[in-house]
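**Q** show me how the following folds:
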Amino acid sequence: MHIYATILLALLGFTIGAVQAQDVENAYCESYNLLTCNDQNKEKCVTQQKCGPKGPETHNHCFTLWELNSVTGDSKVHMKGCFLNNKDCYNKSHCVQKNKDAVNQLFFCCCNGDMCNQNVTYTQMLKKHNQDKIVTNDVEKKYLAGIEQQFIPAILSVCVLIFILTIIFISWYCRRRKQDYESELSQAEQGIKQCSTTSDSDSVHSETNSCKSNCPLPELLEKIALGRFGGAVWKARRDDEIIAVKIFPLANKQSWKTELEVFQLPHMNHDNVLKFIDSLRCGQSLNVEFWLMTIYQERGSLCDYLESNTVSWNEMHKIVLSIASGLNHLHSEISSSDGGYKPAIAHRDLKSTNILLSGDMRACIADFGSALIFKAADGVCGNKYDRVGTHRYMAPEVLDGAINFTKESFLAIDVYACSLVLWELASRCVVKKDDTEQSYRLPFEKEVGSRPTLEDMVKCVSEKKIRPHIPESWREHCGLAAICETIEECWDTDPEARLSASCVLDRISSLKSE
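**A** Model (predicted):
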């Protein structure tokens, strides 16, 4: 009970005590005090109280004080007894309530006559209270309804305005994207030459070629590979010549542009670099495709060949020599007064599937979609280059994300990948007729399986510093032993300790075929 109610009860108790002290005959009232009553014996707490004598300024009244719960409507009596004098009690034979404390919902009534406070009449007050509550609720509802009527039109107007602005923005954005896309296509077309066979010279003209021209398109004969770039490589026929056509979807246009840029550099005509023939764009809008036409290599990729075939020492020597020669050409800067300047190029995705074999077992390096061209003014390349390549062939510094963004660092990454390709070749090399043929495995396949994640390779290569196993039997052949030594120096954890591509070429060139 609130402090106000406590004070009121105390004052009433004092007044009643004063009345009880006068021991004379007079009226009787029902007596009860909640503060002194034990909850377990409530019935014994209700007694009769004899009131004091009536005087000139005093009257014998009975009273009741109770509390009304405004939520449940239940009432609880706090006190009953005799009351000295109150004009509101005159000539009342029944105890009818009077609200004494609206905040605490305390009610008081008084009356004349013996035991007149046994029954208390407060139904009208309850009814009024409920009616007041209903009226209050009705007023609140009407008020809220008025607010809704005022604000709903405004809210709807704002929603409609936002919807219209959204439609306008989407339309503008789509139109802008279409313009940007058409601009990109227009720029891409500037890098494509006219529909004519490229000469063997290093210069490639940059003019527009499209499937709408009168030039005959290559006839696609057979799909020979699915590319990392999202497209496919086809065996095709063009002017009675068998060629390879690499088709890029629109989503991988950047890879196509990068390859085209590499092929169009001066001095890129090399026996151990895939020879470029032509390029074109086919289709319109979102259905556009980008084509690259190159020389067809009949034996396919080195990976596919080793999976089905072993190699002799002479074949291995020829393949390793051509790989080293091609990689050295990519890494080298070439400058001439008549042929222009060729910068150094980092392949960044060197692996056995990106090395192709010709009919005479010479290798050439292909797939330059991730290549990085170092211009003459380039020093530190910056950290704008993402971690690219195939997880299995990534160098430790690439796996750790600890690359020094310099030309030498990127070239050392290629050398590491080259060492794994040489290991693949060595694992399928049969130097003696009675040698047991080993089944083909990719590098680290024994340790991480056929589809390793980046985390698998980090744990294997960087943390445990594992490298593919080199059996002692390989070192019994002097040429193969020299290649094993070269492999180990090329996959060193420290990029600066690795051999350069030119050094690898010198070592392989010094070896003799049998």
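
**Q** which secondary element of this protein has the worst mean pLDDT?
**A** With mean pLDDT, DSSP states H and E as the measure, the helix or strand of the chain carrying the lowest mean pLDDT is helix 3-20 (a mean of 46).

**Q** name the next helix or strand downstream of that helix, please.
**A** Remark: after helix 3-20, the chain's next helix or strand is strand 28-33, criterion DSSP states H and E.

**Q** tell me how far that following strand is from the chain's mean position?
**A** Distance of strand 28-33 from its chain centroid, counting by Cα atoms, centre = their mean, to the nearest Å, is 77 Å.

**Q** now swap in stretch 238-251 and tell me
**A** Worked out by Cα atoms, centre = their mean, stretch 238-251 lies 36 Å from the chain centre.

**Q** in that stretch, what counts as buried?
**A** Using 16 or more other Cβ atoms under 10 Å as the test for burial, stretch 238-251 gives 238, 243, 244, 245, 246, 247, 248, 249, 250. For the C-beta atoms, the positions are set from N, CA and C on the backbone; glycine is no exception.

**Q** quick one: which helix or strand includes the fifth one?
**A** Which is residue 246. Using DSSP H and E, residue 246 falls in strand 241-249.

**Q** next SSE downstream of that strand?
**A** Next element after strand 241-249 (DSSP H and E): helix 253-263.

**Q** tilt between that next one and strand 241-249?
**A** Angle of helix 253-263 versus strand 241-249, following axes from the mean of the first three to the mean of the last three Cα atoms, to 10 degrees, is 140 degrees.

**Q** name the helices or strands packed onto helix 253-263?
**A** For helix 253-263, the packing partners by 3 or more Cβ pairs under 8 Å, 6 or more residues apart in numbering; DSSP states H and E come out as helix 123-189, strand 241-249, strand 276-282, strand 289-295.

**Q** tell me how far that helix lies from the chain's centre.
**A** The answer for helix 253-263 is 29 Å, by Cα atoms, centre = their mean.

**Q** care to break the protein down by domain?
**A** 3-121, 133-184, 190-296, 299-510 (automatic domain parsing).

**Q** any idea which of the ones you listed scores lowest on pLDDT?
**A** Of all the domains of the chain, the minimum mean pLDDT falls on domain 3-121 (a mean of 73).

**Q** how far does that one sit from the chain's center?
**A** 74 Å.

**Q** give me the number of residues near residue 453?
**A** 11 (other Cβ atoms under 10 Å).

**Q** residue 162 now?
**A** Other residues within reach of residue 162, judged by other Cβ under 10 Å, total 10.

**Q** try the one 4 residues further on
**A** Residues lying near residue 166 (other Cβ under 10 Å) number 10.

**Q** do you know how far it is from residue 172?
**A** Per Cβ to Cβ, to the nearest Å, residue 166 is found 11 Å from residue 172.

**Q** next one: residue 336
**A** Using Cβ to Cβ, residue 336 is found at 51 Å from residue 172.

**Q** excluding chain neighbours, give the residue nearest to residue 292 in space.
**A** residue 246 (4.4 Å; Cβ to Cβ, 6 or more residues apart in numbering).

**Q** likewise for residue 46?
**A** Leaving out its chain neighbours, the residue that sits closest to residue 46 by Cβ to Cβ, 6+ apart is residue 32, at 5.1 Å.

**Q** again, but for residue 350
**A** Nearest non-adjacent residue to residue 350, counting by Cβ to Cβ, 6+ apart: residue 417, 4.1 Å away.

**Q** do the same with residue 394
**A** Here the nearest residue to residue 394 in space, its sequence neighbours aside, is residue 457; by Cβ to Cβ, 6+ apart that works out to 6.2 Å.

**Q** who touches that neighbour in this structure?
**A** Counting by Cβ atoms under 8 Å, 6 or more residues apart in numbering, residue 457 touches 391, 392, 394, 399, 444, 448.

**Q** I'd assumed residue 236 was in contact with the residue nearest to residue 292.
**A** No - the criterion here is Cβ atoms under 8 Å, and residue 246 misses it with residue 236 at 10.1 Å.

**Q** tell me how far the helix or strand that contains residue 426 lies from the chain's centre.
**A** Using DSSP H and E, residue 426 falls within helix 407-427. Relative to the mean C-alpha coordinate of its chain, helix 407-427 is positioned 33 Å out (Cα atoms, centre = their mean).

**Q** buried ones in the helix or strand just after that helix?
**A** Proceeding C-terminally, helix 407-427 gives way to helix 445-448 as the next helix or strand, assigned by DSSP H and E. Applying a neighbour-count criterion of 16+ other Cβ under 10 Å, one finds 447, 448 buried in helix 445-448.

**Q** now helix 445-448, how far from the chain's geometric center?
**A** Worked out by Cα atoms, centre = their mean, helix 445-448 lies 29 Å from the chain centre.

**Q** ok, stretch 466-486 next?
**A** Distance, centroid of stretch 466-486 to centroid of chain: 44 Å (Cα atoms, centre = their mean).

**Q** endpoints of that stretch, how far apart?
**A** 17 Å (Cα to Cα, to the nearest Å).

**Q** and stretch 32-42, by the same measure?
**A** Stretch 32-42 has an end-to-end distance of 9 Å (Cα to Cα).

**Q** ok, now stretch 456-470?
**A** Start and end residues of stretch 456-470 are separated by 21 Å (Cα to Cα).

**Q** list the buried residues in it.
**A** Result for stretch 456-470 [16+ other Cβ under 10 Å]: buried residues 456, 457, 458, 459, 460, 461, 462, 467, 468, 470.

**Q** closest to residue 281 among those?
**A** Using Cβ to Cβ, residue 457 comes nearest to residue 281 of the buried residues of stretch 456-470, at 36.6 Å.

**Q** what secondary structure does that closest one sit in?
**A** helix (DSSP: H, G, I helix; E, B strand; the rest coil).

**Q** ok, the closest residue in space to residue 283 that isn't next to it in sequence to residue 282 distance?
**A** Closest residue to residue 283 apart from its sequence neighbours, by Cβ to Cβ, 6+ apart: residue 289 at 5.3 Å. As judged by Cβ to Cβ, residue 289 and residue 282 stand 5 Å apart.

**Q** what's the answer for residue 34, then?
**A** 97 Å.

**Q** which one's more surrounded, those two?
**A** residue 34 (18 against 15).

**Q** how about that one: what's its closest non-neighbour residue?
**A** That would be residue 78: by Cβ to Cβ, 6+ apart, it lies 4.6 Å from residue 34.

**Q** now residue 446
**A** residue 469 (7.6 Å).

**Q** any idea which helix or strand comes after the strand or helix carrying residue 487?
**A** Assigned by DSSP H and E, residue 487 belongs to helix 478-490. As assigned by DSSP H and E, the chain's next helix or strand after helix 478-490 is helix 501-510.

**Q** can you list contacts of that next one?
**A** 317, 320-321, 324-325, 327-328, 330-332, 411, 414-415, 418, 482-483, 486, 490, 499.

**Q** buried ones among those?
**A** Looks like those have 317, 320-321, 324-325, 327-328, 330-331, 411, 414-415, 418, 483, 486, 490, 499 buried, using 16+ other Cβ under 10 Å.

**Q** quick one: buried residues of stretch 394-413?
**A** Going by 16+ other Cβ under 10 Å, stretch 394-413 has these buried residues: 394-399, 403, 407, 409-413.

**Q** show me how far the helix holding residue 487 is from its chain's centre.
**A** With Cα atoms, centre = their mean, you get 44 Å for helix 478-490.

**Q** now it and helix 501-510, what's the angle there?
**A** Here helix 478-490 runs at an angle of 170 degrees relative to helix 501-510 (the same axes, to 10 degrees).

**Q** so helix 478-490 versus helix 407-427, what angle?
**A** Going by the same axes, to 10 degrees, helix 478-490 makes 150 degrees with helix 407-427.

**Q** next, the buried residues of stretch 293-305.
**A** Here stretch 293-305 shows 293, 294, 295, 296, 297, 299, 300, 301, 302, 303, 304, 305 as buried, counting by 16+ other Cβ under 10 Å.
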